[in-house]
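Student: Sequence unavailable; structure follows:
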């Protein structure tokens, strides 16, 4: 049978964000897979070069709506490292609390999407119902359901009082009971297991070789978690287990995420019952000493890296983000080869992709000119104004 190429995206009903995939298929089997990044032109990293660090913090938070606290905390940690600041313990516990609440709402979102992708919409409705309760708690803490704005350089902006703590603790018991039910469903419900078991197999050695991170790696038996391997915030003081599975398929990744939910409930309970007294922030200078810093954070999707270069002024010279989705693209392409066309949605969903986290750069090349052009933020802004003005005249 002749091979044909199936393009999916950058605009496609199955894609929540614009990305371009090209699959070479022989019948129903994928023989080659290619992803073309670069359809989310955000410009956030470049924008940080012309803004003070504090403004950058809240701009960075908007890289992603699902893991906004992830990016804000990673950036704040990097700047605090450059400043040599010792963040108060209470602030570190609050960062941990919000981080785990965010992990819960992200994993529940993923569980619903996974159920929907395989036609199990009951699971989708149940898990998203619980996610609403978690977002309500985040709103009580920060005032926002998305982009919480809880961080500041040197600590956090909002404290946790006794009433808020009681509301969160009261939520943990019903969430734990329901998540235990989801764990049973994921591992025994024929509707779900029959569709994902043996699909998208990623052997442990291949996952390690391809630099896989997060639940994608732990679902292949790799015990890799920044919270354990390189503790930040309050994780060095909190007992918890790293959830793994040896199944190495989509089912294994689903099991890992459900087990991580149960661990997150335990972490939240510990942070609230062992919350230290004291201040929630310390004063940070506006100018950051010259230097470089790398900050690591275990996002819901895996290891998130932030690189910050300071030139001694109030604005960073360079900010670079390596989101976990970018790290998981090579393993995704490996898994898709040899799989069936019908498995593309659930295999792709299994890495919980976030392409707005992943895309960063636009490269401009002109005929007759060697190399790439570098434009300032203001030049890009004026270019955008002219582009839309010309479009309006057309």
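Tutor: Thanks, I have the structure now. Just so it is clear, the model here is predicted, and its values are computed rather than measured.
Student: For the rest of this, base every contact and every neighbour count on C-alpha atoms.
Tutor: Noted.
Student: And the helices in the stretch 201-350 of the chain?
Tutor: Taking DSSP state H, counting those that start in this stretch, the helices of the stretch 201-350 of the chain run over residues 204-209, 214-218, 226-229, 250-273, 324-336, 344-349.
Student: Let me know which of those helices is tucked in deepest.
Tutor: Counting by mean count of other Cα atoms under 10 Å, helix 214-218 has the highest mean neighbour count of the helices of the stretch 201-350 of the chain, with a mean of 29.
Student: Quickly note the distance from the residue nearest to residue 51 when sequence neighbours are not counted to residue 285.
Tutor: Leaving aside its chain neighbours, residue 51 sits nearest to residue 315 (5.6 Å; criterion: Cα to Cα, 6 or more residues apart in numbering). As judged by Cα to Cα, to the nearest Å, residue 315 and residue 285 stand 12 Å apart.
Student: before we move on, the earlier item: give me the distance between the residue nearest to residue 51 and residue 149.
Tutor: Taken as Cα to Cα, the span from residue 315 to residue 149 is 20 Å.
Student: now residue 319
Tutor: The value you get for residue 319 to residue 149, if Cα to Cα is used, is 19 Å.
Student: pLDDT of stretch 44-59, averaged?
Tutor: Mean pLDDT, computed over stretch 44-59, is 91.
Student: OK, contacts around the nearest residue to residue 77 once chain neighbours are set aside?
Tutor: Computed as Cα to Cα, 6+ apart, the closest residue to residue 77 that is not its neighbour in sequence is residue 295, at 6.2 Å. Contact analysis of residue 295 by Cα atoms under 8 Å, 6 or more residues apart in numbering lists 74-75, 77-78, 305-307.
Student: Most neighbours among those, which one is it?
Tutor: If you count neighbours using other Cα atoms under 10 Å, the busiest of those is residue 75, which has 33 neighbours.
Student: Quick check: which helices or strands does the host helix or strand of that residue pack against?
Tutor: Element membership for residue 75, per DSSP states H and E: helix 68-83. Packing partners of helix 68-83 (3 or more Cα pairs under 8 Å, 6 or more residues apart in numbering; DSSP states H and E): helix 53-60, helix 89-117, strand 151-152, strand 291-299, strand 302-310.
Student: Help me confirm that residue 326 comes into contact with residue 358.
Tutor: Yes: taking contacts as Cα atoms under 8 Å, residue 326 lies within contact range of residue 358: 5.6 Å.
Student: before we move on, back to that, residue 315 and residue 285: which has the busier surroundings?
Tutor: Taking other Cα under 10 Å, residue 315 and residue 285 do not tie; residue 315 has more neighbours (21 against 12).
Student: Quick check, pLDDT for the more buried one.
Tutor: 94.
Student: Over to it: give its phi and psi.
Tutor: phi -130, psi 140 (degrees, to the nearest 10).
Student: which residues touch it?
Tutor: Residue 315 makes contact with 48-53, 287 under the criterion Cα under 8 Å, 6+ apart.
Student: Show me which of the residues you listed is closest to residue 65.
Tutor: Taking Cα to Cα as the measure, residue 48 is the one of those closest to residue 65, at 18.2 Å.
Student: count of neighbours near the closest one?
Tutor: 23.
Student: Same check on residue 156?
Tutor: Other residues lying near residue 156 total 24 when counted by other Cα under 10 Å.
Student: For the nearest residue to residue 252 once chain neighbours are set aside, what are phi and psi?
Tutor: Distances taken as Cα to Cα, 6+ apart put residue 219 closest to residue 252, at 4.8 Å, once the chain neighbours are dropped. Backbone geometry at residue 219, expressed as degrees, to the nearest 10, gives phi -70, psi -10.
Student: roughly how far apart are residue 219 and residue 118?
Tutor: When residue 219 is compared with residue 118 (using Cα to Cα), they lie 19 Å apart.
Student: Compare those two and say which is more crowded by neighbours.
Tutor: residue 219 (30 against 17).
Student: From residue 5, how far off is the closest residue in space to residue 182 that isn't next to it in sequence?
Tutor: Excluding its sequence neighbours, the residue lying closest to residue 182 (Cα to Cα, 6+ apart) is residue 258, at 7.3 Å. To residue 5, residue 258 is 36 Å away according to Cα to Cα.
Student: repeat for residue 243
Tutor: With Cα to Cα as the criterion, residue 243 and residue 5 are 38 Å apart.
Student: Looking at those two, which is more packed in?
Tutor: Neighbour totals were compared for residue 243 and residue 5, and residue 243 leads with 22 against 14 (other Cα under 10 Å).
Student: contacting residues around the more buried one?
Tutor: 218, 223, 256-257, 259-260.
Student: which one among the residues you listed gets closest to residue 204?
Tutor: Nearest to residue 204 among those: residue 218, at 8.9 Å, using Cα to Cα.
Student: could you list every residue that touches the closest residue to that closest one other than its chain neighbours?
Tutor: Leaving aside its chain neighbours, residue 218 sits nearest to residue 244 (4.7 Å; criterion: Cα to Cα, 6+ apart). Counting by Cα under 8 Å, 6+ apart, residue 244 makes contact with 215, 218-223, 256.
Student: Name the nearest of the contacts of residue 243 relative to residue 112.
Tutor: residue 257 (11.8 Å).
Student: low-confidence ranges in the stretch 101-250 of the chain?
Tutor: The model of the stretch 101-250 of the chain has no residue with pLDDT under 70.
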